[in-house]
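# Could you work out the structure for the sequence below:
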Amino acid sequence: MSQDLHNDLYDFIAVLRAGSLTKAAAELRVSQPTLSAKIKRLEDKLGASLFIRKSRGVEPTEKGSWLFEQLSGEYDAIETAMRKLTDMQEEVSGVVRISAIDYAIRTIIWPKLKDVVKHYPKLQIEISNEYESVDIVSRNFDAGVRFGEEVALDMISVRIGPDMQNVVVGSKEYFENKKIPLSPYDLADHQCVNLRTSTYGGLYEWEFEKEGKSIQIAVNGSIIFNNAYDVFEAVKAGYGLAFLPEDMVQPMIETGELISVLKDWCPLWPGLHLYYPNRRNPSRAMNLVVDTLRYSKEPS
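Numbers count the residues shown, from 1 in each chain. Presented below is the predicted three-dimensional model:
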């Protein structure tokens, strides 16, 4: 591909994203007539009209939409790679403080960030285990982690993990003398290991859904913890049932050490998202952390 064609395709993407030749020209720092001429040159090369010019901007033609879908992801990948290369060559320093639950820390945040700290010795990352809805601004955190992308209007949300599912599990030993529950209401006949959340000080109610019906069950049990991994240890030891992330318990389900029940009642939830204040000029350290944690679905 010639450099001129590469540049023209980049300009085409910029115009479509801006929705206007005038806005795109300002972003690209060229004159509107120059940009218009470049787009016309591209259309002539391709033998296809890419835009419908309107009084208040432009709209893509069918061929323009198709070309954008083919190219935009590739150009985004190039820009991301170039930005990361620049970050690798330049020194990144500063402190980034993150509030998250232990599950997010152990499965996503630390596995992804541990190598970043090695490459940037002047970067300091502080990760705090918090089982509560934290006001990250007042608590002086740079970012927080929660399930789902809904956040306050002044926040930005970035997905850092895939959709997930909690499942009800108990040990093989526990079920030797207990009936398998067939519905969430049967949990009343079982010992369950509870999780206390800091936000409200109450016990977490297990959430189920089937055929459009959602229910929350307050389970009973003689053991209560305030983090998921202690709950997991108690369940492995046969002290009752627990409602835990599937990927945490799946290896022991596969070996038969744990038994999963009520799977058809367990809903799929939006994955973990990083949220942080919408600032005009975030630090390079913050940008590096966000880009590192950003979830990218593996090709199937």
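
# any weak-confidence spans in the stretch 1-150 of the chain?
Low-confidence segments of the stretch 1-150 of the chain, defined by pLDDT under 70: 1-3, 82-90, 149-150.

# quick one: the strands in it?
Using DSSP state E, counting those that start in this stretch, the strands of the stretch 1-150 of the chain run over 51-54, 57-60, 94-100, 123-129, 143-147.

# hey, C-alpha coordinates of the fourth one in PDB?
Okay, so that is strand 123-129. What follows is strand 123-129, C-alpha atoms only, in PDB (Å, rounded to 0.1, in the frame of the first residue of the first chain):
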ATOM      1  CA  LEU A 123       5.500   3.600  38.600                       C
ATOM      2  CA  GLN A 124       3.800   2.800  41.900                       C
ATOM      3  CA  ILE A 125       0.600   0.800  41.900                       C
ATOM      4  CA  GLU A 126      -1.500   0.500  45.100                       C
ATOM      5  CA  ILE A 127      -4.300  -2.000  45.100                       C
ATOM      6  CA  SER A 128      -6.800  -2.100  48.000                       C
ATOM      7  CA  ASN A 129      -9.200  -4.900  48.700                       C
END
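
# Would you tell me which of the strands of the stretch 1-150 of the chain gets closest to residue 81?
Closest approach to residue 81 among the strands of the stretch 1-150 of the chain is made by strand 123-129 (20.1 Å; C-beta to C-beta). (Glycine included, C-beta is placed from N, CA and C.)

# ok and the closest one relative to strand 94-100, angle-wise?
Inter-element angle recorded for strand 123-129 and strand 94-100: 20 degrees (by axes from the mean of the first three to the mean of the last three C-alpha atoms, to 10 degrees).

# Run the angle between strand 123-129 and strand 143-147 for me.
Going by the same axes, to 10 degrees, strand 123-129 makes 40 degrees with strand 143-147.

# For the strands of the stretch 1-150 of the chain, give me CSV that also has mean neighbour count and distance to residue 240.
Shown next, in CSV, are the strands of the stretch 1-150 of the chain (neighbours: other C-beta atoms under 10 Å; distance: least, C-beta to C-beta, whole Å):
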stretch, mean neighbour count, distance to residue 240
strand 51-54, 13, 63
strand 57-60, 17, 58
strand 94-100, 20, 26
strand 123-129, 16, 23
strand 143-147, 21, 24
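
# Surely residue 155 touches residue 274?
No: if you go by C-beta atoms under 8 Å, residue 155 and residue 274 don't touch, sitting 10.1 Å apart.

# and the two? which has more neighbours close in?
Taking neighbours as other C-beta atoms under 10 Å, residue 155 and residue 274 compare with residue 274 leading, 26 against 15.

# Which element, helix or strand, includes that one?
Using DSSP states H and E, the element containing residue 274 is strand 272-277.

# what's next to the helix or strand that that strand is followed by, contact-wise?
As assigned by DSSP H and E, the chain's next helix or strand after strand 272-277 is helix 284-293. Outside helix 284-293, the residues that touch it by C-beta atoms under 8 Å, 6 or more residues apart in numbering are 80, 83-84, 87, 90, 92-96, 98, 108-109, 112-113, 116, 120, 123, 125, 142-143, 158, 160, 274, 276, 282.

# and residue 207, that's in a strand?
Yes: Residue 207: assigned to a strand according to DSSP: H, G, I helix; E, B strand; the rest coil.

# Identify all contacting residues around stretch 71-84.
Against stretch 71-84 from outside (C-beta under 8 Å, 6+ apart): 9-10, 12-13, 17, 291.

# Would you indicate which residues of it are buried?
By 16 or more other C-beta atoms under 10 Å, the buried positions in stretch 71-84 come out as residue 75.

# same question, stretch 186-200
For stretch 186-200, using 16+ other C-beta under 10 Å, the buried residues are 187, 190-195.
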